[in-house]
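Visitor: Provide a 3D model corresponding to the input given below.
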Amino acid sequence: MAKAVHSMIRVLDEDRSTAFYASAFGLEVVNRYPFDGFTLTYLGNAENDFEVELTINHDRTEPYAHADGYGHLAVVVDNLDAEHARLTGLGHMPGDIKEFNREGSLFAKFFFITDPDGYKIEVIQRHGRYQ
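Guide: Numbers count the residues shown, from 1 in each chain. Next up, the predicted model:
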C-alpha cells in the first residue's frame, strides 16, 4: 500500500516561504538539504507526518508560472473562524469563508489563502470527511 509523504512546490525565496508556512500553518523546517544548484527544504508539524517540500533553484530569479492543472494544498483546522481572523491579523489576506453543501447538509466550510509564490491553500473546518 502506498503512503503519501509530501507535496513539492517550487519557490523563489526560501526565507519568505518558510516564514509564511510557519506563521500561517505552524509548519517548521524539518530538514534542509542543499545540493549544487538547488535546495530541498521539508516543512512539517506534530499533527502528522505529511510534509510540504520546498524546492529552491539557486539560479532562479523569475516567479514560477502555474500550469492550469495545479489545484491546491489543503489543511484542516479545529476553528475555521478563529484561523481566518488570525491569518487576517497577520496580514496574509485569506479569502472569504465559504460553505459547500451536498444533499441538504454541510459538506465543507473553508477559505483559500495564497502563499508568497501564488500557490493556493484551502483551509477547511475539521468536519465529516475532513478530519
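
Visitor: Would you map the strands across this structure?
Guide: For the chain, the strands defined by DSSP state E cover 6-10, 28-35, 38-45, 48-57, 73-77, 98-102, 105-114, 120-125.

Visitor: can you redo the ones you listed as CSV with distance to residue 22?
Guide: Bear in mind the C-beta positions are built from the backbone N, C-alpha and C, glycine included. Shown next, in CSV, are those (distance: least, CB to CB, whole Å):
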stretch, distance to residue 22
strand 6-10, 15
strand 28-35, 6
strand 38-45, 8
strand 48-57, 11
strand 73-77, 13
strand 98-102, 26
strand 105-114, 14
strand 120-125, 14
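
Visitor: Point out the most buried one among the ones you listed.
Guide: Mean neighbour counts were compared across the strands of the chain using mean count of other CB atoms under 10 Å; the top stretch is strand 120-125, at a mean of 19.

Visitor: What is the distance between that one and the centre of its chain?
Guide: Its chain's C-alpha centre and that of strand 120-125 lie 8 Å apart, by CA atoms, centre = their mean, to the nearest Å.

Visitor: average pLDDT across it?
Guide: Across strand 120-125, pLDDT averages out at 94.

Visitor: ok, it: who's next to it in the sheet?
Guide: Note on strand 120-125: by DSSP bridges, its sheet partners are strand 73-77 (parallel), strand 105-114 (antiparallel).

Visitor: and the angle from the last one to strand 98-102?
Guide: Between strand 105-114 and strand 98-102, the angle comes out at 150 degrees (axes from the mean of the first three to the mean of the last three CA atoms, to 10 degrees).

Visitor: longest helix of this protein?
Guide: helix 14-25 (DSSP state H).

Visitor: So which bits of that helix are buried?
Guide: 14, 17-18, 20-21, 24-25 (16 or more other CB atoms under 10 Å).

Visitor: Residue 89: which of the strands of the chain is closest?
Guide: For these, proximity to residue 89 was assessed by CB to CB; strand 105-114 is nearest, at 13.0 Å.

Visitor: Check what contacts the closest one and list those residues.
Guide: Here strand 105-114 makes contact (CB atoms under 8 Å, 6 or more residues apart in numbering) with 24, 72, 80, 84, 87, 92-101, 120-125, 127-128, 130.
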